[in-house]
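Asker: This is the structure alone, sequence omitted:
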């Protein structure tokens, strides 16, 4: 039984060439010349990129029962299958496999357990009115995963090839995509280093896998505005750091500040940066503020710029693009610029605050009611009986219209 | 076969209570009240700490051949057994098990793969002249592992209890400790989050395991001084971050700067911080500089202070203590204070540079010959024919004398 449940990693079971010679410090001296499609002169082989034609599919003999829609919880239950691709430094990407969902069997020395060689993506597959499957801007996820993996010496890959294979995976598990607005199949592409030695160096083998979890609406009974606690004792990211990459390394250290905020009754923590207390991100989302500009009095939609400390959210980018296309003609200014918690508090005090919301794949938008900062509660502009501002509501509608294929839009990728 | 090789995780195979309710954002709202020995009123059970009397030992039926001493490479080969302890939020620490070394079988949704819920220690077991086994300051490793795990919402534990059990583990694999100066059994205590859901929150289950790799001297043919490249484009750690904890998260992002340095012919990179270019760490070691003080002309042994950006190295702490005890009476000043790359370069230019060395468990000390910085090579005081300065050499001798039990010292922990 366990044999069936454990995914055998070819690379970790086969013999591989030593990663480091006996000479001291050689592990850190050794430097690979490239990760993906370079010719490897040492073995005379071409390093292979992902080849969608090599995909093999082994379907499960024990399909799961579908959960009732109201029992779906984010990332708790998974579809019948998973997609796996192994990579080795000498061969490149081995053929992709769709197999029954199963455990990974890994040596306890595997580098993912010790040095956080891991990065991931979050994306969703939607069912449109015609019953076709759609992805939302998958090219963005592929580009970001490549940037994340390259930053931690994991391999890169052909994004279009992986989108092709992910499409086939999603089709294999199509029955897990709920057939209703607000529902989707959450996809979690994950790449981990699988080298099974403790030397600190670039992994010579990796595993890229995708699992899928059917999810319901983030707000099953309509928006519910959240309250934030501004965190002043911990810092999420730093210039020259890796806060703009979707690395596992950015997440575990965020839990404690979240729990601290929760212990004082707040839903999420708000990450500030520097003595100026620049507003950066909220929990695991990007943050948007809509205020009336101090100088011009014009409405302005604000978010922090991509200065290396901000996760390059796909939802963030989409909201910015939609705002530029559809709000600017109505007199809005759309700004990627640094702004401080003091700016936010001033806008609230001056009656210039319109609304604040988080933005991410899970919720699309998460309206904010209050922010705890320096012993005061900054009001974010929502009237008491209202759970979302008009911009957040509008963005959610626009995004869902594209995601579910109601509106024909180049961001929506139909799985053929 | 695979069944034997895969460690079954009780906690990840058994049903557990949901981590989050269906209500939005509840995962981040939920806050456990304590990690280790608090009573859990909700179930009426005592949360258990580690209990050494509950240890079970299952020895291997297929013992490995010992490798010849000259073939030992750090972290590549492991002993016959491993030590494992599971933890659940509802029960606490389950009984420790010594089992044959085997793969971990983990659900692909397990949080260690996604959010870097992982921390570790590096320590060594030495064989003394009487054939007894000794650990070096294991209480320091336990204290640090507890600090690391607490920072990422993993459980803490009774350090003395784990030292007791690690002692039994090392005795079980005693034959893997090479019987010669410079050789040891490297121990890698590792803690990972094992919750198998994708919600970002504190793991409700974890696994603490220890694996052991026999290792030879870092410098098999005597010291070999290394050259460093000062890194000015990437930052390892920052105030309010987690650079002082031994988290996996601190390691993967360090590989690329190491590879960059290696591509230009340097053994390791030197981490600087801030516009002032404070000297912080070297690769994965702490850094010490011995210079003649600019004002006093007295010899000074310098290392960066524990300001939250510096790993609290056990070797660092030991070198500081030995220097205070044995070098200060000879006229040295021992300082934990901030110093810049400019200070180092000035000392070299003024003829005040004595020596520089890295410090860590693997090498004890790693003498530095040159540092590349702003287009120049800063000479670190070693004469051409010399591979280590007198302080580095002295520290290595003092440390080994304690580690191998030649000198009776409270830092040496004899395994009974």
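Answerer: Happy to help now that I have it. Computed from a predicted model, the values in this text were never measured in an experiment.

Asker: so where's the stretch 251-400 of chain A uncertain?
Answerer: Of all residues in the stretch 251-400 of chain A, none has pLDDT under 70.

Asker: Distance check, residue A:84 against chain B.
Answerer: As judged by C-beta to the nearest C-beta, to the nearest Å, residue A:84 and chain B stand 9 Å apart. C-beta coordinates here come from the backbone N, C-alpha and C atoms, glycine included.

Asker: What is the burial count for residue A:57?
Answerer: Residues contacting residue A:57 under the criterion other C-beta atoms under 10 Å in any protein chain shown number 14.

Asker: Surely it touches residue A:95?
Answerer: No - using C-beta atoms under 8 Å, residue A:57 is not in contact with residue A:95, being 11.1 Å away.

Asker: For my notes, confirm residue A:413 occurs in a helix.
Answerer: No - assigned with DSSP: H, G, I helix; E, B strand; the rest coil, residue A:413 falls outside any helix and is strand.

Asker: list the contacts for the closest residue to it other than its chain neighbours?
Answerer: Leaving aside its chain neighbours, residue A:413 sits nearest to residue A:135 (4.4 Å; criterion: C-beta to C-beta, 6 or more residues apart in numbering or on different chains). Applying C-beta atoms under 8 Å, 6 or more residues apart in numbering or on different chains to residue A:135 gives the contacts A:123-126, A:163, A:166-167, A:170, A:412-413, A:415.

Asker: at 10 Å instead, please
Answerer: By C-beta atoms under 10 Å, 6 or more residues apart in numbering or on different chains, residue A:135 lies in contact with A:123-126, A:141, A:163, A:166-167, A:170, A:184-185, A:187, A:403, A:411-415.

Asker: Kindly report the same for residue A:157.
Answerer: A:35-37, A:49-50, A:85, A:87, A:92-93, A:142, A:145-146, A:149, A:191, A:206, A:208.

Asker: ok so, going back, mind checking which of the contacts of residue A:135 are buried?
Answerer: A:123-126, A:141, A:163, A:166-167, A:170, A:184-185, A:187, A:403, A:411-413, A:415 (16 or more other C-beta atoms under 10 Å in any protein chain shown).

Asker: What about those residues, which are in strands?
Answerer: A:123-126, A:184-185, A:187, A:412-413 (DSSP state E).

Asker: Show me which of the residues you listed is closest to residue A:109.
Answerer: residue A:187 (29.6 Å; C-beta to C-beta).

Asker: Contacts only, for the residue nearest to that closest one when sequence neighbours are not counted.
Answerer: Leaving aside its sequence neighbours, residue A:187 sits nearest to residue A:123 (C-beta to C-beta, 6+ apart; 4.9 Å). Residues near residue A:123 by C-beta under 10 Å, 6+ apart: A:135-138, A:140-142, A:144-145, A:163, A:166, A:184-189, A:210, A:314, A:361.

Asker: Give the buried residues for stretch A:174-187.
Answerer: A:174, A:176-178, A:182-187.

Asker: Turn those into CSV, including pLDDT.
Answerer: What follows is these, written out as CSV (pLDDT from 0 to 100):
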residue, pLDDT
A:174, 98
A:176, 98
A:177, 97
A:178, 93
A:182, 92
A:183, 96
A:184, 97
A:185, 98
A:186, 97
A:187, 98
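
Asker: which two from these end up farthest apart in space?
Answerer: A:174 and A:182 (18.1 Å).

Asker: List the residues that contact the closest residue to chain B within the stretch 151-300 of chain A.
Answerer: Nearest residue of the stretch 151-300 of chain A to chain B (C-beta to the nearest C-beta) works out as residue A:198 at 2.6 Å. If a contact means C-beta under 10 Å, 6+ apart, then residue A:198 has A:27, A:109-111, A:114-115, B:73-76, B:78, B:120, B:122, B:186, B:188, B:190, B:211, B:213, B:215, B:362 as its contacts.

Asker: Pretty sure residue A:173 sits against residue A:57.
Answerer: No - when contacts are counted by C-beta atoms under 10 Å, residue A:173 is not listed as touching residue A:57 (11.0 Å).

Asker: shared neighbours, the two?
Answerer: With C-beta under 10 Å, 6+ apart, residue A:173 and residue A:57 have common neighbours A:81, A:83, A:98.

Asker: So the first one sits against residue A:166, correct?
Answerer: No - no contact is recorded between residue A:81 and residue A:166 when judged using C-beta under 10 Å, the distance being 11.9 Å.

Asker: Mind checking which of the contacts of residue A:157 are in helices?
Answerer: A:142, A:145-146, A:149 (DSSP state H).

Asker: can you redo those as TSV with pLDDT?
Answerer: Converted to TSV, the ones in helices among the contacts of residue A:157 look like this (pLDDT from 0 to 100):
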residue	pLDDT
A:142	98
A:145	98
A:146	98
A:149	98
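
Asker: Among those, which one lies nearest to residue B:344?
Answerer: residue A:149 (34.8 Å).

Asker: tell me the contacts of that closest one?
Answerer: Per C-beta under 10 Å, 6+ apart, neighbours of residue A:149: A:35-36, A:87, A:117-120, A:155-157, A:191, A:193, A:206, A:208, A:245-247.
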